[in-house]
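1. curious how this folds, go ahead:
(chains A and B)
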Amino acid sequence: MSTDTSTIVLIGHGMVGQRFLEALAERGLTATHRVVVLCEEPRPAYDRVQLTSYFSGKTPEDLSMTDMAFIEEHGIELRIGDPAETVDREARRVTARSGLVVDYDVLVLATGSYPFVPPVPNKDAEGCFVYRTIEDLLAIEEYARKSTTGAVVGGGLLGLEAAGALKGLGLTSHIVEFAPRLMPVQVDEGGGAALLRTIEEMGLTVHTGVGTQEIVTDASGAVTGMKLSDGSELATDLVVFSAGVRPRDQLARDCGLTVGERGGIAVDEQCRTVSDPHVFAIGECALAADGRVYGLVAPGYEQAETVAATIAEDESAFTGADLSTKLKLLGVDVASFGDAHGTAEDCLDVVYSDSRAGLYKKLVIGRDGTLLGGILVGDAEAYGTLKAFTGSVPPVSPESLVLPAGAGAPVQLGPSALPDDAIICSCNNVRKGTIREAVTEHQCTTVPEVKKCTKAGTTCGSCVKVLGQLINAELEASGVEVDKGLCACFSQTREELYEIVLALRVTSFRDLLDRHGREAARGGDGCEVCKPTVGSIIASLAPTIGASTHVLDGEQAALQDTNDHFLANLQKNGSYSVVPRIPGGEIAPEKLIVIGEIARDFGLYTKITGGQRIDMFGARVEQLPLIWARLVDAGFESGHAYGKSLRTVKSCVGQTWCRYGVQDSVRMAIDLELRYRGLRSPHKLKSAVSGCQRECAEAQSKDFGVIATAGGWNLYVGGNGGATPRHADLLAQDLSDAELIRLIDRFLMFYIRTADRLERTSVWLDRVPGGLDHVRDVVVHDSLGICDELEALMAAHVSHYRDEWAETINDPEKLARFVSFVNAPDTPDPVVAFVPERDQMKPDLPLLNIGLRPADDILEGTATR
Amino acid sequence: MTLALETTDLKVQLRLTDDWFTVCDLSALLPGRGVAALLPDGRQVAVFADRTGRLYAIDNRDPFTGAAVLSRGLTGTHQGRPFVASPLLKQRFDLESGQCLDDEAVRVRAYEVKAA
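-> Numbers count the residues shown, from 1 in each chain, chains lettered A, B, ... in the order given. Okay, the predicted model is just below:
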């Protein structure tokens, strides 16, 4: 079949179509064939499995699976927005909407599926949507702006995702499912019940066992509600149909190809249509040889590979596929694999169910002990391992696989126990042996390298965790030590160094390096990674281990990053910015005036920060003590904007002024800021206090955030803004003032103790084994018995706090360092100069490029503001 | 105490084409940190002492940003050789040769330096 001039036409450029192109390229078929792709959607293949992640911030570009360089490199003619209109099988010719006519030798149909919309009256009214393409999502997002309530027809996988998306868009969300439970295809009654409870707790309303009879509209034809089969009516502004999909086989029908009774283009084991040897069908439009239409991406990929192999005249067959799935739906893990519903003869169930925790785990076991399948709801941690054992007799008893850790004898059955032919990544059909080879034969040592080498973990990502475990196990087995050390100087992690410093009362970096550093690093000067890290640990523990509490005392001065060393923030031209502390963002007019006067007198650029204080930019090193002498005199102290330490505790105005406030958020913010000021930590710490649930202080985006309730305070932890935003998790609620402070004391000290260097609380919470639950166990329930110690450490910090700047301006030795030039203390750095901008000034950046103005200009050049 | 007395008398000197240029007292240098010095022609030099008291001097200008800040970077030892990491974008420079360790095309001038 592979003559030099033959043409392959692919109709449809979805995930399966793209995989088919990759499979052609891998077999060199793109070099020997002309390949034409007709794609209906206005964009090339994207990750439809992750469609909903658009609503959590992924852009259509993020979702794209098409590397245009790949398309060009292989000479593929990809025609976006130009669907096939007709196929003339007699002439072997396809005509596209644009009028393009292509003669084919091989035609591959990968037209996918379309959403099934039940034939109810007004199903096409304004406000009715389906959930299938990026364009659908854009339309829903737009319409949701003027809506308050949304309903999803269908409680399957996509329906739940759609309902979660509507809730995320701020709508009151309903799910209407005809079957008596949610996700009827994947889970059984018990699993559905666990899922239902969890989803209702999230504030979604679920109506099961009812059908949609009619969409109700107003005079203008827009949706206002829906009539249900139980006689009730549900008011809603927006309806999303997600009642399953049907194969898109119209094109095949039109050209006389055989389709199944319930749709789907009938193909044989090579995915060749039963009617025409020149035509293949793959993915969701195909009715496979085993009589099923597969709606998952993994079987579609396998079909794509099969067709590419067949075209290359290799032997390959698609005889059926596994329907295992693992998803995170609205934050709930749901997985089913193998014979999930126990249809095999004589099989037995092992069920663990905890309604309170929303957990449901069922394993289906054959008579001989073979694991046949199972369902996991609420915790699908074991999915990767269990699925790989499916079809074999696991080496431990089945019940030990579903019991929670701590109950009876928990069994941690790691992926190392799996046989080599166990499939680890079912999306891409990658076996454990292949992953091991990537490490042993191809020198891969990290998850990204193995992903690139084997494609494992590149589609749904559910196996990435197992992947990491396998790689580490393999590296360790082959004698490669997985180095978790801090840097080239220390083989310990930051957490281990913290323990050493605390236990042995080490107050000197040199001692630590010479006694505990790597052999080759002992006697050296450390590096830019370990010096500030150890400096921070010593500073955090200073009063307890007997170190000086000033970061610029003795040897500690040499450990600090430049910002800490000059107690100010270095900016791009070598000047510094100055931020005095304004606790809680509350400031009296006199102090505001002082800041204004200082900024004016020193010619500084001023800007209000996000943390409710004022940043003064453009100070030269030698000006810092002069500026601070005036600030300290006016009652200001260091704001630690330069340190990996507490920055600010933002607040809203609270109960005192605001008609909605229920607590005095400003007072609490000031108390917290003054308590934790100066606390050195693995990374910066931000906080906020809101006076009511309206959350004007944005406390849920902070490392620790406090929100007032009628009964006290709710404490949230692990929030973050910035590049990787994370909503904080609720740690405890309705706390009294004293309870709140005690809990924050413990939380912060536990974070300082166990986090990695430069690891914000958000990343730390996601990384520590057990996550939030573990941290809650430790700091709320004192499961490790260390809370007294954590509190004592914080008490020592609080009682030993002194203002770094007040001490510095009174210490001639420290002040001597605040000069631009050691041999010309009164000469300013000539490269630090400024030019006017919007009534203030900005750095003279061109000066930095020149490096130095010609010698006779120097005197003039130094006349900076 | 006697040691301290002796070191205060010592001066840090830089080799400029044919003379030795005195920068500061040796005691002004904190092991592991740098200071900046202004040369008669307007150039700036960053001078460092490591924990053993060895001295190093390189140009103070960070070639990646143009700012005169290398003296304010953190020093360390990389495979037995002393380096300073720019405080702005953290590129490292060998203190003996001025060679950038993170970009082989970049090098800053290194100066001969002594305590006398």
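
2. and stretch A:270-279, how far out from the chain middle?
-> If you compare the mean C-alpha spot of stretch A:270-279 with that of the full chain, they lie 43 Å apart, counting by C-alpha atoms, centre = their mean, to the nearest Å.

3. output that stretch as CSV, restricted to C-alpha atoms.
-> Backbone C-alpha positions of stretch A:270-279 (Å, rounded to 0.1, in the frame of the first residue of the first chain) are rendered in CSV as follows:
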residue,chain,number,x,y,z
GLN,A,270,-7.2,-3.3,12.1
CYS,A,271,-9.7,-0.5,12.4
ARG,A,272,-10.4,-0.8,8.7
THR,A,273,-14.1,-0.2,7.8
VAL,A,274,-15.9,-3.4,7.0
SER,A,275,-17.2,-1.9,3.8
ASP,A,276,-14.1,-0.4,2.2
PRO,A,277,-10.5,-1.5,2.5
HIS,A,278,-9.3,2.0,1.7
VAL,A,279,-11.1,3.6,4.6
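
4. and the most centrally placed residue in chain A, how far from chain B?
-> Among the residues of chain A, A:T724 comes closest to the average C-alpha position under C-alpha atoms, centre = their mean, at 7.3 Å. Plainly put, A:T724 is 21 Å away from chain B if you go by C-beta to the nearest C-beta, to the nearest Å. No exception for glycine: its C-beta is placed from N, CA and C like everyone else's.

5. so where do the strands sit in chain B?
-> In chain B, the segments counted as strands under DSSP state E are B:11-16, B:19-25, B:34-38, B:44-49, B:55-59, B:74-78, B:81-85, B:92-94, B:110-111, B:113-115.

6. what stretches of the chain score poorly on pLDDT?
-> No chain specified, so I'll use chain A. Regions of chain A meeting the criterion pLDDT under 70 cover residues A:1-5, A:322-323, A:327-331, A:355, A:398, A:403-416, A:460-462, A:480-482, A:850-865.

7. right idea, wrong chain: chain B
-> Residues of chain B that meet the criterion pLDDT under 70 lie in B:1-8.

8. okay, now the domains of chain A?
-> Structural domains annotated on chain A: A:7-114+A:247-311, A:117-243, A:494-560, A:564-633, A:646-800, as defined by automatic domain parsing.

9. report whether stretch A:498-509 contacts chain B.
-> No: Stretch A:498-509 stays clear of chain B (C-beta under 8 Å from any C-beta of the partner chain), getting no nearer than 8.5 Å.

10. for that stretch, buried residues please.
-> When burial is assessed from 16 or more other C-beta atoms under 10 Å in any protein chain shown, stretch A:498-509 yields the following buried residues: A:Y498, A:I500, A:V501, A:L502, A:V506, A:T507, A:S508, A:F509.

11. returning to what we had before: in TSV: the strands of chain B, plus distance to A:G12 and mean neighbour count.
-> Listed next are those as TSV, based on distance: least, C-beta to C-beta, whole Å; neighbours: other C-beta atoms under 10 Å in any protein chain shown:
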stretch	distance to A:G12	mean neighbour count
strand B:11-16	72	18
strand B:19-25	73	16
strand B:34-38	63	24
strand B:44-49	62	25
strand B:55-59	61	23
strand B:74-78	54	24
strand B:81-85	53	22
strand B:92-94	52	23
strand B:110-111	63	20
strand B:113-115	70	17
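
12. can I get the ones you listed in CSV with distance to A:D88?
-> Listed next are the strands of chain B as CSV, based on distance: least, C-beta to C-beta, whole Å:
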stretch, distance to A:D88
strand B:11-16, 85
strand B:19-25, 87
strand B:34-38, 79
strand B:44-49, 77
strand B:55-59, 74
strand B:74-78, 69
strand B:81-85, 68
strand B:92-94, 67
strand B:110-111, 76
strand B:113-115, 85
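
13. out of these, the one nearest A:I744 is which?
-> Nearest of the strands of chain B to A:I744, taken as C-beta to C-beta: strand B:74-78 at 31.4 Å.

14. show me what that closest one is packed against.
-> Based on contacts counted as 3 or more C-beta pairs under 8 Å, 6 or more residues apart in numbering or on different chains; DSSP states H and E, the elements that strand B:74-78 packs against are helix A:530-545, strand B:81-85.

15. angle of it against strand B:81-85?
-> Strand B:74-78 runs at 150 degrees relative to strand B:81-85, counting by axes from the mean of the first three to the mean of the last three C-alpha atoms, to 10 degrees.

16. so what's the gap between strand B:74-78 and the chain middle?
-> Its chain's C-alpha centre lies 12 Å from the corresponding centre of strand B:74-78 when counted by C-alpha atoms, centre = their mean.

17. quick check: beta-bridge partners of the most centrally placed residue in chain B?
-> Per C-alpha atoms, centre = their mean, the C-alpha nearest to the average position across chain B is that of B:V47, at 2.6 Å. Per DSSP bridges, the residues bridged to B:V47 are B:V35, B:A57.

18. OK, contacts around it?
-> Going by C-beta atoms under 8 Å, 6 or more residues apart in numbering or on different chains, B:V47 touches A:822, B:12, B:14, B:23-24, B:29, B:34-37, B:55-57, B:71, B:113.

19. pick out the residue of the stretch 701-850 of chain A closest to chain B.
-> Per C-beta to the nearest C-beta, A:L848 is where the stretch 701-850 of chain A lies closest to chain B, at 2.9 Å.

20. quick one: secondary structure of that residue?
-> Taking DSSP: H, G, I helix; E, B strand; the rest coil as the rule, one finds A:L848 in the helix state.

21. that one touches B:T65, doesn't it?
-> Yes: using C-beta atoms under 8 Å, A:L848 is in contact with B:T65, at 6.5 Å.

22. shared neighbours of these two, anything?
-> Listed as contacting both A:L848 and B:T65 by C-beta under 8 Å, 6+ apart are A:K572.

23. and the next element down the chain from the longest helix seen in chain A?
-> Using DSSP state H to define each element, chain A has its longest helix at helix A:737-754. With elements assigned by DSSP states H and E, the helix or strand that comes after helix A:737-754 is helix A:761-767.

24. and that following helix, what does it pack onto?
-> So helix A:761-767, by 3+ C-beta pairs under 8 Å, 6+ apart, packs with helix A:737-754, helix A:771-779.

25. buried ones in the shortest one?
-> Within helix A:771-779, the residues that qualify as buried are A:L772, A:V775, A:R776, A:V778, A:V779, counting by 16+ other C-beta under 10 Å.

26. with distance to chain B added, can I get those residues in a markdown table?
-> Formatted as a markdown table, the buried residues of helix A:771-779 follow (distance: C-beta to the nearest C-beta, whole Å):
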| residue | distance to chain B |
| --- | --- |
| A:L772 | 33 |
| A:V775 | 31 |
| A:R776 | 36 |
| A:V778 | 33 |
| A:V779 | 33 |
